[in-house]
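> Let's see this in three dimensions:
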Amino acid sequence: MAPVKGETASQLLPAFWPVSDQHAVDHVALDAEPPSNPDGVLPLLLRLASLSDAMRQLQTADGAIVAERAVDVLKEEMVESLTELAGLVDDESATLIRLRADALAGGTSSKDATLKIARDKMAPPLEVVCGPLCTWRPKTRVGLHSFLAAARNDEQQEILDALDDSLEEALDDLRRDLDAEGLKVAFELPFNVTDLVVSAGEAAGHPKHFAYFLPEDEEVDELPLEEQRTLYLRNVHLERYSKITVPLAGALLDGPLQPGDVPIEATLMPWIRGHDHGHNLVLPETDYSWREDLGLEPFMALQEAIADVYGFLMLVTEPWLRISGASRLQMCATHIAEVLHYLRRGPWHYGDAGAAYVELSFLAENGFIEVDGKGRVSWTEDELCRGMTELARALTESTVAAADAGPAREFFDRYGWPEDVPGGEAIDTPAGRISTAIREELAHVPTSIAFYRTGSPHGAAA
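Numbering: from 1, shown residues only. Sure, this is the predicted structure:
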């Protein structure tokens, strides 16, 4: 593809997944409705989506505008539509929407608007983002114009709040099993459970996200934790699992429960909430001042692995299983299937893929799962739970409680992607064989999904 006028080679978007791989996109119909007045609200949301797609097309990868007058016209049209939208929804949603409109009109800065939303802990029935969003930080550090509308899922939010209310009870199990008496969640990040109604602009690019970290993803960095929140798009997560994770895991996993038979309506939301809390679990002695000595990519891979492992152990505690309504076996099947999905992104590329490699390496090399010569994985419920507990102990000792980078370096050198091996090269390790099978034999499985709405005006994309 030829560079856009004014765009240099260094500004072109980097690869999301291994560049030599075959990639495919599946399509998903969004059927979530606005929480009130859908007949009046949905056409406005689709109009804002179309305007936002046009706006994003007038930006280069570094955020530069290629047609100032056209952008001014689009902003004016979006402000008018947002103002009209605010008059059709509930008061709580209208307050947020008017803040977005004021920022787009230049009455306030986008940063000030999103800070107010965060500080006032807004979680309205209809969440709207219309402005700069960094949907994929390795892709660009600059906020590019995005639009999304998401409806609050009150039923699932109640379940999540119940999980949070029982967090200390779940952590007691971890403290006992890991012999880590001082283990605690440093901060409970607010977590809004929603269903995506419409997305456009950069937010509709690839790869699709099922969660945004706000206002960090809106270019507002270095905020105290109490001013941050997670916007979770539950229906996107469910579709991503069904379209991508199920075929990957179905081909590679040999266990007591097939990934397609998992009740993901009960397992996926607690799974990501556990991961979210896992990022914030610390010990009194936790001090990551040595992270630069380890290196950014190994550190991020270990941090994602810590979040995965601690989160999993919370998932399978009695109080969380009781609240979610899922069994321990179902949580096990969900987790190991999702690990395969993350591995696909390339463990030499990103922290979450590197974490998947670490987890599978540890489990296989210590006999908790079996990986054959073709990358097929055999697992059992008891051994997977035992292995994840041992992995949590190892990560706690080598990383969370470590006084310097030495233990983490030793652990990563043993279980992480070999740093001297070029990205994408096939390697004969258990996790390496799984990665090769995913990238070569299962290349037909989609790597991303695209959205549309059936019955919408002109078959509009969403």
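
> After the longest strand seen in the chain, which helix or strand is next?
Identified as the longest strand of the chain according to DSSP state E is strand 191-201. Downstream of strand 191-201, the next assigned helix or strand under DSSP states H and E is strand 211-214.

> Is His145 in a helix, a strand, or coil?
Using DSSP: H, G, I helix; E, B strand; the rest coil, the structure places His145 in strand.

> burial count for it?
Using other CB atoms under 10 Å, His145 has 28 other residues around it. C-beta here means a position set from N, CA and C on the backbone, and glycine is covered the same way.

> what about stretch 382-389, average pLDDT?
Stretch 382-389 shows a mean pLDDT of 98.

> what does that stretch contact?
Stretch 382-389 is contacted from outside by 177-178, 309, 312-313, 316, 328, 332, 335-336, 362-363, 366, 368-369, using CB atoms under 8 Å, 6 or more residues apart in numbering.

> And for stretch 308-324?
Residues outside stretch 308-324 that contact it (CB under 8 Å, 6+ apart): 159, 162-163, 166-167, 169-171, 173-174, 177-178, 266-267, 269-271, 273-278, 281, 327-328, 331-332, 335, 339, 355, 359, 385, 388-389, 391-392, 395.

> could you pull out the strands for the chain?
For the chain, the strands defined by DSSP E cover 25-29, 126-133, 144-152, 184-185, 191-201, 211-214, 229-233, 253-254, 281-282, 370-371, 377-378, 448-452.

> Kindly state the domain boundaries assigned to this structure.
Split into domains by automatic domain parsing, the chain comes to 22-152+191-227, 154-189+238-447.

> Can you tell me which of those is nearest to Arg453?
Ranking the domains of the chain by proximity to Arg453 (CB to CB) places domain 22-152+191-227 first, at 5.3 Å.

> how long is the closest one end to end?
With CA to CA, to the nearest Å as the measure, domain 22-152+191-227 spans 40 Å from end to end.

> mean confidence score for it?
Per-region confidence: domain 22-152+191-227 scores 92 on mean pLDDT.

> chain center to that domain, what's the gap?
17 Å (CA atoms, centre = their mean, to the nearest Å).

> go on, stretch 321-335?
With CA atoms, centre = their mean, you get 20 Å for stretch 321-335.

> pLDDT of that stretch, averaged?
Stretch 321-335 carries an average pLDDT of 98.

> how long is it end to end?
Chord length of stretch 321-335, first to last residue, is 14 Å (CA to CA).

> repeat for stretch 432-442
Terminal residues of stretch 432-442 lie 15 Å apart, using CA to CA.

> Any buried residues in it, and which?
Buried residues in stretch 432-442, counted by 16 or more other CB atoms under 10 Å: 432-439, 442.

> I'd like the mean pLDDT over it, please.
Stretch 432-442 comes out at a mean pLDDT of 93.

> follow-up on the earlier one: got a ChimeraX select line for the buried ones in the contacts of stretch 308-324?
Provided next is the ChimeraX selection string for whichever of the contacts of stretch 308-324 are buried by 16+ other CB under 10 Å:
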select :159,163,166,167,170,171,173,174,178,266,267,269,270,271,273,274,275,276,277,278,281,327,328,331,332,335,339,355,359,385,388,389,391,392,395
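
> Sort out for me which of the contacts of stretch 308-324 are in helices.
159, 162-163, 167, 169-171, 173-174, 177-178, 266-267, 269-271, 273-278, 328, 331-332, 335, 339, 355, 359, 385, 388-389, 391-392, 395 (DSSP state H).

> hmm, what's the outermost residue in this protein?
Centroid-distance maximum for the chain: Arg69 at 35.3 Å, with CA atoms, centre = their mean.

> Spell out which residues sit in contact with that residue, please.
Contacts of Arg69 (CB under 8 Å, 6+ apart): none.

> ok, now the one 10 residues further on?
Shown here is Val79, whose contacts under the criterion CB under 8 Å, 6+ apart are 101, 104-105.

> Out of these, which comes closest to Ala151?
So of the contacts of Val79, ranked by how close each gets to Ala151 (CB to CB), first place is Ala101, at 19.3 Å.

> so who does the closest residue to the closest one other than its chain neighbours touch?
Among residues not flanking Ala101 along the chain, Leu82 sits closest, at 3.8 Å (CB to CB, 6 or more residues apart in numbering). Shown in contact with Leu82 (CB under 8 Å, 6+ apart): 48, 97-98, 100-101, 104, 128, 130.
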